[in-house]
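K.L.:
compute the structure for the input listed below.
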Amino acid sequence: MNHEKKDAITTQYDPNRLIDSLIKRLELRNDAALSRALGVEPPVISKIRHRRLAVGASILIRMHEASEIEIHELRAMMGDRRERFRIDHSKTSIHRSAK
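P.N.:
Here you go, the predicted structure:
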């Protein structure tokens, strides 16, 4: 595999890389064990794997607390290279109530 193609693969957004890395790092058996370690319901992990749920701040914090991996490293594992998170204020109750 040439160098450019490898770089494109490793920088592409893929939450499965993050989940698989955490399972390996925490020496867990599967997604269900990861969900228990993070204190979330198993469907949360499934929805993240199938890209029906974004990896948000609260789950990143849980991942950090369970693994002691820095947030920026967790984001890098899944290919998130943004320098900042953007909050969609149209979906927050604070923004709507301020109008």
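
K.L.:
residues contacting the residue nearest to residue 62 when sequence neighbours are not counted?
P.N.:
Distance criterion CB to CB, 6 or more residues apart in numbering; nearest residue to residue 62, sequence neighbours excluded, is residue 38 at 4.5 Å. For every residue, glycine as well, the C-beta is placed using N, CA and C. Residue 38 makes contacts with 44, 45, 59, 62, 63, 66, as judged by CB atoms under 8 Å, 6 or more residues apart in numbering.

K.L.:
possible to save these as a markdown table with neighbour count, pLDDT and distance to residue 31?
P.N.:
What follows is those, written out as a markdown table (neighbours: other CB atoms under 10 Å; pLDDT from 0 to 100; distance: CB to CB, whole Å):
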| residue | neighbour count | pLDDT | distance to residue 31 |
| --- | --- | --- | --- |
| 44 | 17 | 97 | 10 |
| 45 | 23 | 98 | 4 |
| 59 | 19 | 96 | 13 |
| 62 | 15 | 97 | 14 |
| 63 | 25 | 98 | 13 |
| 66 | 16 | 97 | 14 |
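
K.L.:
now, among those residues, which is nearest to residue 53?
P.N.:
Taking CB to CB as the measure, residue 53 lies nearest residue 44 of those, at 6.6 Å.

K.L.:
OK, contacts around the closest one?
P.N.:
The neighbourhood of residue 44, defined by CB under 8 Å, 6+ apart, consists of 35, 38, 53, 59.

K.L.:
pLDDT wise, what is the second one at?
P.N.:
At residue 38, the predicted lDDT confidence score is 98.

K.L.:
ok, the contacts of residue 44 vs residue 13, which is closest?
P.N.:
Of all those, the one with the least separation from residue 13 (CB to CB) is residue 53, at 13.8 Å.

K.L.:
that closest one contacts residue 47, doesn't it?
P.N.:
Yes - in this structure, residue 53 sits in contact with residue 47. The criterion is CB atoms under 8 Å, and the distance is 3.7 Å.
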